[in-house]
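Undergrad: The following block contains a protein sequence and its predicted model.
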Amino acid sequence: MSRRRPPARRRSRKATGGDQLALIGGGLVLLWVVLTGVVSFLTAHPWIPVVLVLLSGGAVALWVIRRQRAAQWERVRAQGLRYALTHLDALHHRQFEHAVRDLMRRDGCSDAVQVGGAGDNGADVKATDPYGRRWVIQCKHRKAGLAGAAVGTPDLQVLNGTGRPVHKGDVVVLVTNGRFSKPALAFARDQRLHLVDRTVLAQWAGGSRPLWELLRAVPPPRGPSTLS
């Protein structure tokens with residue numbers, strides 16, 4: 001004698017569907033009750049939406065003001081950035097690269113970045129000046145300053161081999177808080193490399209003139225930079 005199970009399953013499915021409809025209906029009723037209560041409360045207290053709007057507007061305005069003040073302070077700090085040679089001498093070589101980057105930013109190169117490290121291909125700082133020229137800078141820090149070992153031609157050869165072909169630099173520079181050897185000076189002249197020794201670094205870091213005003217034979221402007 002066969003059992004009639006399918007009808008039982010259909011009844012179970014119908015019961016499940018009914019439970020779901022009941023839950024949905026209950027949720028809608030609860031939502032309606034809550035919304036009705038909120039509307040009634042706001043109707044009885046019409047000043048609350050006004051206060052909420054004013055508070056929200058005040059919070060947004062305060063956030064905007066703080067952002068503007070922070071940006072203004074950063075511009076003032078960058079424009080007034082100065083470094084003494086004694087301070088630069090005491091830096092770690094990576095901090096020295098960051099200082100050179102910040103000086104380029106002070107001069108209007110807002111895209112200046114520190115890129116020195118493993119695989120840097122001879123570049124420690126890259127920047128675009130307000131005249132559209134691309135700067136590729138290698139930094140050589142000497143803990144002993146002027147008394148340290150002179151920067152020689154091997155370092156310049158690495159920079160010369162990558163500054164223009166690899167990094168597409170218009171102005172290729174080596175910056176040191178020390179000095180350059182005589183062969184390095186001759187090599188730089190022949191290869192159109194720009195050198196910033198301790199004397200030029202002191203003028204640049206301790207003053208307000210951009211680096212391109214302190215160097216000779218800098219390439220002409222490409223045109224106003226989109227970063228200026």
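TA: Perfect, thanks for sending it. Numbers count the residues shown, from 1 in each chain.
Undergrad: Where does the prediction get shaky in the chain?
TA: Filtered on pLDDT under 70, the chain yields the residue ranges 1-17, 66-79, 119, 223-228.
Undergrad: just the helices in it please.
TA: Along the chain, counting by DSSP state H, helices occupy 6-44, 47-79, 85-89, 93-106, 153-162, 182-191, 198-206.
Undergrad: can you put the ones you listed in TSV and add mean neighbour count?
TA: Just so you know, the C-beta spots here come from the backbone N, C-alpha and C atoms, and that holds for glycine as well. Output for these, formatted as TSV (neighbours: other CB atoms under 10 Å):
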stretch	mean neighbour count
helix 6-44	10
helix 47-79	10
helix 85-89	15
helix 93-106	20
helix 153-162	18
helix 182-191	15
helix 198-206	17
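Undergrad: Which one of these lies nearest to residue 133?
TA: Checking the helices of the chain against residue 133 by CB to CB gives helix 93-106 as the closest, at 11.6 Å.
Undergrad: helices and strands around the closest one, which ones?
TA: The helices and strands touching helix 93-106, judged by 3 or more CB pairs under 8 Å, 6 or more residues apart in numbering; DSSP states H and E, are helix 47-79, strand 113-114, strand 125-128, strand 134-140, helix 198-206.
Undergrad: How is this protein divided into domains?
TA: Domain segmentation of the chain under automatic domain parsing yields 6-78, 83-213.
Undergrad: Can you get me the start-to-end distance on the last one?
TA: With CA to CA, to the nearest Å applied, domain 83-213 spans 18 Å between its terminal residues.
Undergrad: so how far is it from its chain's centroid?
TA: 20 Å (CA atoms, centre = their mean, to the nearest Å).
Undergrad: quick revisit: point out the one among the helices and strands packed on helix 93-106 that comes closest to residue 30.
TA: With CB to CB as the yardstick, what comes closest out of the helices and strands packed on helix 93-106 is helix 47-79 (22.5 Å).
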